[in-house]
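Enquirer: I'll drop the sequence and a predicted model, then ask my questions.
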Amino acid sequence: MAAVVVALLVFVASPASAQTTLTVFMGSSAHAPLAVVFDLKDQDNVYINKPQWETKPFYEAPYYSIRVGHGRWDVELIHDKMYLMNPEDPIEHFEVSHGYNLLLLNRAHGDGPITWRTGLGIVVAHPESTVAGKKLGYGYELMNGFHISGPAGHVSVAYTRDLVGPFFFAAAAKGTVAWARVPVYNGWATVPHAAAHLLAGIGVRLW
């Protein structure tokens, strides 16, 4: 909510001549193997020093990004997904797939078809876990199971090309970093994040 309020203030402060755009991207990401720590009650911590992550961009809820811009400022939601492929006992299954969401306030730099963006924001995570046969986070309704979990930042380079009328094509390469602490059954998981993303999509100039 704080990010949305800040974004609205920025939009109001932008010049009246600034253009508003909506862009929807699809794509995928690759995650660095940063150590994950499971802090379980009445048990020793479980450390996975080299976690193997998969994104599975088209499995169940897809990977996507939505960006609403006004002038040089925009608000972006990156719906990233992280499936742990090498859990260790008693962790049987762990994923942040609905997702490891990055809600960012961005500033664009440069003119022409190629622009850079830098942004800061928060992680809104929806974890699902099975620990020693006990599950947490599965089957929640749309707005349940989400947690504001930590800070996030990103840098990206994008290419845009006009199509027909107000529509345009956009492609982007992004780097994101974040830190999140999310609930699992009988404890918490600390999940740092560093990822590279490739995306492509369609945008429209609204006014």
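Expert: Received, thanks.
Enquirer: please count neighbours and contacts with C-alpha atoms only from this point.
Expert: Will do.
Enquirer: what about residue 40, how many residues nearby?
Expert: 19 (other CA atoms under 10 Å).
Enquirer: for the residue nearest to it when sequence neighbours are not counted, list each beta-bridge partner.
Expert: Computed as CA to CA, 6 or more residues apart in numbering, the closest residue to residue 40 that is not its neighbour in sequence is residue 187, at 4.3 Å. Per DSSP bridges, the residues bridged to residue 187 are residue 40, residue 184.
Enquirer: same check on residue 195?
Expert: Here residue 195, judged by DSSP bridges, has bridge partners residue 31, residue 176.
Enquirer: with residue 117 instead?
Expert: With DSSP bridges as the criterion, residue 117 is bridged to residue 108, residue 156.
Enquirer: residues near it, how many?
Expert: Using other CA under 10 Å as the criterion, the residues surrounding residue 117 number 19.
Enquirer: how about the one 3 residues further on?
Expert: The tally of other residues near residue 120 (other CA under 10 Å) stands at 20.
Enquirer: any buried residues in the helix or strand encompassing it, and which?
Expert: Per DSSP states H and E: residue 120 is located in strand 114-131. Buried residues in strand 114-131, counted by 16 or more other CA atoms under 10 Å: 116-131.
Enquirer: widest-spaced pair of those?
Expert: Spanning the widest gap among the buried residues of strand 114-131 are 116 and 131, at 41.8 Å by CA to CA.
Enquirer: so where's the chain uncertain?
Expert: 1-18, 140-143 (pLDDT under 70).
Enquirer: which stretches of it form strands?
Expert: 20-31, 36-40, 46-48, 53-54, 64-70, 73-84, 91-109, 114-131, 134-136, 147-162, 167-184, 187-205 (DSSP state E).
Enquirer: what lies in contact with stretch 30-40?
Expert: For stretch 30-40, the surrounding residues in contact (CA atoms under 8 Å, 6 or more residues apart in numbering) are 45-55, 186-197.
Enquirer: mind listing what's buried in that stretch?
Expert: Under 16+ other CA under 10 Å, the buried positions of stretch 30-40 are 30, 31, 33, 34, 36, 37, 38, 39, 40.
Enquirer: would you mind measuring the gap between the ends of that stretch?
Expert: 28 Å (CA to CA, to the nearest Å).
Enquirer: just how off-centre is that stretch within its chain?
Expert: For stretch 30-40, the distance from its own C-alpha centre to the chain's C-alpha centre is 16 Å (CA atoms, centre = their mean, to the nearest Å).
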